[in-house]
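*Asks:* Let me see the structure of the following:
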Amino acid sequence: MNSVLAATSYVLVHVPDMVLHNGSTQTTEQAANPESAYLKALPAHIRSYEDALCYAPNQTYIGSITPEELSVREQPWYPNPLNEAERFGRYGEIMPQDEFLLLLQICDVFDLVYLSRDFVSTTKPSLAKHPLMRSENLDRIKEGIDEDQIAHAVKHEHALGLYHLGQLVGYIKPAHDVDINLTAHVVHENLVSKASSVLSLLHLIHSSGLNTEEIDYVIDCSEEACGDMNQRGGGNFAKAAAEIAGLSNATGCDIRAFCAAPAHAMVLAASLVKAGTFKKVIVTSGGSTAKLGMNAKSHVKKEMPVLEDVLGGFAALVIQNDGINPEIDLDLIGRHTVGTGSSPQAVITSLVLSPLEKGGMKIADIDKYAAEMQNPDITKPAGAGDVPQSNFKMIAALAVKSGEIERGELNSFILKHGMPGWAPTQGHIPSGAPYLGFARQDILDGIIKTAMIIGKGSLFLGRMTNLFDGISFVLRTNRGLAAPQQGISKTEVRGLIAEALRNFANSLSDSAGGEHA
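*Replies:* This next block holds a predicted model:
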């Protein structure tokens, strides 16, 4: 029987100072043109935590607003904030930067993160009030060091500064003297991914009511790669995050496929559970510092706030079929193969039409599609258009070409089967995964029966191949547990054997008697 999606969690972390100091657009600009007008103008376009909290797409990401509610709000969304918003939503939270810096230290097991004494004393009481922070987590936070020690490490010891509200409040030191894979910059990227994944795991554990010892396996599907000079991408983020989250009975591994990784990871998790290899598997991911402020030049140029100021994270729980939760239908898997080709039509055909035709279904039989759910507030000013709508148009066009709908029905198809994008441009984070929580709930509530999650990736970015990547799967209403086969007791078995032996003995007796006669 198919495995099921039993729970999800979603977190954002507002990190404005990391936009300035750690986003790849900003770090490359600093290296190439440190006196650029862009860098000078950028700080004036950074949002406050309150602004990020009241931003409608962010509240959608954590489940406080549904995609349907977001779709009727006036666009662009950034000039029209919510009147009020809460930190915690149905699926997770939006964590402020100061508390996240402490979480970085909680996740550091090699004494690489140092924070100032004043910063720790000011911020730790706030994190201690967090409903998911256990005493063993908080005990990992050190008292802190003097500010002059921090300044010296950043200036003279190749440490990477940690900032809050423009102030230097700590640093991350290199993990090796000469290994470029263990520089402070790389360690910071990896710790940020790990910590945001840990936060996602904590919310998933809480919302699902799981006993942490029940989790057998964890799959991380982020975009970072940790290792040393001998194994650059050795991993294992999954096990590292599971350790801090208290999943003591779990093992796990990392899955990497650029933006398509979450969909690949979900298919693998569902397969492992269906096969009986593991009973409960979590797919998780943290955020990427490199993507912070990725399109900020366009935003600054258009006098907008920098909207790529949050890290994204999510987690999903896959378990054996319980007869209730939505099934992950492994008979309906779309694959972008090596020979598929890179044209948009070829990609959508392989991921949408081919698996549905194999299952005897039509494109319109899927109630909702989710692919590349990037927030258009971010992408449109940068010239990339509305990415989710582009995907829905291609799916609708394929339905027209297949003869399912008329050309005049194209827009109504998009309205019915699509949705607005709300995810931050964190690479892998938008790739279908943001809709898992809403899809699960809508299926449970009977609002929809099916949803297709589509992951697409750009493998050519690694300069190893020119290929694209993609995989899709279908969530559907649980069709119920199969009726158990009627078994028989040991006593009944013994009786059947005894009866068979008696019949055999009688047949021998009859045969012998006949021969004698």
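*Asks:* contacts and neighbour counts: CA atoms only from here.
*Replies:* OK.
*Asks:* Next one: residue 45, what pLDDT does it get?
*Replies:* With respect to pLDDT, residue 45 scores 98.
*Asks:* Same check on residue 160?
*Replies:* For residue 160, the model assigns a pLDDT of 98.
*Asks:* And for it, the neighbour number?
*Replies:* 24 (other Cα atoms under 10 Å).
*Asks:* What of residue 209?
*Replies:* Residue 209 has 10 nearby residues by other Cα under 10 Å.
*Asks:* One more: residue 416?
*Replies:* Residue 416 sits with 12 neighbouring residues when counted by other Cα under 10 Å.
*Asks:* do residue 17 as well
*Replies:* 21.
*Asks:* so it sits right up against residue 168, yeah?
*Replies:* No. Using Cα atoms under 8 Å, residue 17 makes no contact with residue 168, being 9.9 Å away.
*Asks:* Now find how far off-centre stretch 136-148 is within its chain.
*Replies:* 29 Å (Cα atoms, centre = their mean, to the nearest Å).
*Asks:* Now do the contacts for the residue positioned nearest the centre of the chain.
*Replies:* Residue closest to the mean C-alpha point of the chain, counted by Cα atoms, centre = their mean, is residue 314 at 4.1 Å. Residue 314 is in contact with 8-11, 197, 200-201, 284-286, 429, 433-434, counting by Cα atoms under 8 Å, 6 or more residues apart in numbering.
*Asks:* Could you do residue 225 as well?
*Replies:* For residue 225, the contact set (Cα under 8 Å, 6+ apart) comprises 190, 232, 233, 234, 235.
*Asks:* Out of these, which end up buried?
*Replies:* Buried by 16 or more other Cα atoms under 10 Å: 190, 235, out of those.
*Asks:* what's the spacing between residue 464 and residue 292?
*Replies:* Residue 464 sits at a distance of 25 Å from residue 292 (criterion: Cα to Cα, to the nearest Å).
*Asks:* To clarify, my last question referred to residue 224.
*Replies:* Remark: distance between residue 224 and residue 292 (Cα to Cα) = 14 Å.
*Asks:* For stretch 74-87, which residues meet the burial criterion?
*Replies:* Neighbour counts over stretch 74-87 (16+ other Cα under 10 Å) mark 77, 78, 81, 85, 87 as buried.
*Asks:* chain center to it: distance?
*Replies:* 24 Å.
*Asks:* likewise stretch 257-276?
*Replies:* Offset of stretch 257-276 from its chain centre (Cα atoms, centre = their mean): 12 Å.
*Asks:* And stretch 114-129, by the same measure?
*Replies:* Chain-centre distance of stretch 114-129: 28 Å, with Cα atoms, centre = their mean.
*Asks:* and residue 370, helix, strand or coil?
*Replies:* When classified by DSSP: H, G, I helix; E, B strand; the rest coil, residue 370 comes out as strand.
*Asks:* will you turn the contacts of residue 314 into a markdown table that also has secondary structure?
*Replies:* Shown next, in a markdown table, are those (three-state DSSP):
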| residue | secondary structure |
| --- | --- |
| 8 | strand |
| 9 | strand |
| 10 | strand |
| 11 | strand |
| 197 | helix |
| 200 | helix |
| 201 | helix |
| 284 | strand |
| 285 | strand |
| 286 | coil |
| 429 | coil |
| 433 | helix |
| 434 | helix |
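*Asks:* Let me have these in a markdown table, extended by distance to residue 138 and pLDDT.
*Replies:* Output for the contacts of residue 314, formatted as a markdown table (distance: Cα to Cα, whole Å; pLDDT from 0 to 100):
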| residue | distance to residue 138 | pLDDT |
| --- | --- | --- |
| 8 | 25 | 98 |
| 9 | 22 | 98 |
| 10 | 22 | 98 |
| 11 | 20 | 98 |
| 197 | 17 | 98 |
| 200 | 17 | 98 |
| 201 | 17 | 98 |
| 284 | 22 | 98 |
| 285 | 22 | 98 |
| 286 | 20 | 98 |
| 429 | 28 | 96 |
| 433 | 30 | 96 |
| 434 | 29 | 98 |
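*Asks:* Output those in TSV; the columns should cover distance to residue 57 and neighbour count.
*Replies:* Listed next are the contacts of residue 314 as TSV, based on distance: Cα to Cα, whole Å; neighbours: other Cα atoms under 10 Å:
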residue	distance to residue 57	neighbour count
8	18	30
9	16	31
10	13	32
11	13	29
197	20	32
200	18	30
201	22	33
284	21	33
285	19	35
286	18	35
429	14	30
433	15	27
434	11	30
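*Asks:* A helix includes residue 443, no?
*Replies:* Yes. Using three-state DSSP, the assignment for residue 443 is a helix.
*Asks:* Tell me how many other residues surround it.
*Replies:* Residue 443: 20 neighbours (other Cα under 10 Å).
*Asks:* got a list of what it touches?
*Replies:* Residue 443 neighbours (Cα under 8 Å, 6+ apart): 326, 449, 450, 476, 477.
*Asks:* neighbour-wise, which of those residues leads?
*Replies:* If you count neighbours using other Cα under 10 Å, the busiest of the contacts of residue 443 is residue 326, which has 29 neighbours.
*Asks:* what about residue 344, how many neighbours?
*Replies:* Residues lying near residue 344 (other Cα under 10 Å) number 11.
*Asks:* backbone phi and psi for it, please?
*Replies:* Dihedral pair for residue 344: phi -50, psi -40, per degrees, to the nearest 10.
*Asks:* and the closest residue to it other than its chain neighbours, how many neighbours?
*Replies:* The spatial neighbour of residue 344 that comes closest, neighbours along the chain excluded (Cα to Cα, 6 or more residues apart in numbering), is residue 394 at 7.5 Å. For residue 394, the count of nearby residues is 18 (other Cα under 10 Å).
*Asks:* Are we agreed that residue 394 is in a helix?
*Replies:* Yes. Membership of residue 394 in a helix is supported by three-state DSSP.
*Asks:* What's the separation between it and residue 11?
*Replies:* Distance check for residue 394 against residue 11: by Cα to Cα, it reads 30 Å.
*Asks:* show me where pLDDT drops low in the chain?
*Replies:* Low-confidence segments of the chain (pLDDT under 70): 482-517.
*Asks:* all strands of it, in order?
*Replies:* Along the chain, counting by DSSP state E, strands occupy 4-14, 92-95, 113-115, 160-164, 167-172, 217-220, 251-254, 280-285, 310-319, 327-335, 368-371, 450-457, 469-476.
*Asks:* okay if I get those strands as JSON lines plus distance to residue 66?
*Replies:* Formatted as JSON lines, the strands of the chain follow (distance: least, Cα to Cα, whole Å):
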{"stretch": "strand 4-14", "distance to residue 66": "14"}
{"stretch": "strand 92-95", "distance to residue 66": "14"}
{"stretch": "strand 113-115", "distance to residue 66": "38"}
{"stretch": "strand 160-164", "distance to residue 66": "32"}
{"stretch": "strand 167-172", "distance to residue 66": "37"}
{"stretch": "strand 217-220", "distance to residue 66": "26"}
{"stretch": "strand 251-254", "distance to residue 66": "30"}
{"stretch": "strand 280-285", "distance to residue 66": "22"}
{"stretch": "strand 310-319", "distance to residue 66": "17"}
{"stretch": "strand 327-335", "distance to residue 66": "22"}
{"stretch": "strand 368-371", "distance to residue 66": "14"}
{"stretch": "strand 450-457", "distance to residue 66": "16"}
{"stretch": "strand 469-476", "distance to residue 66": "18"}
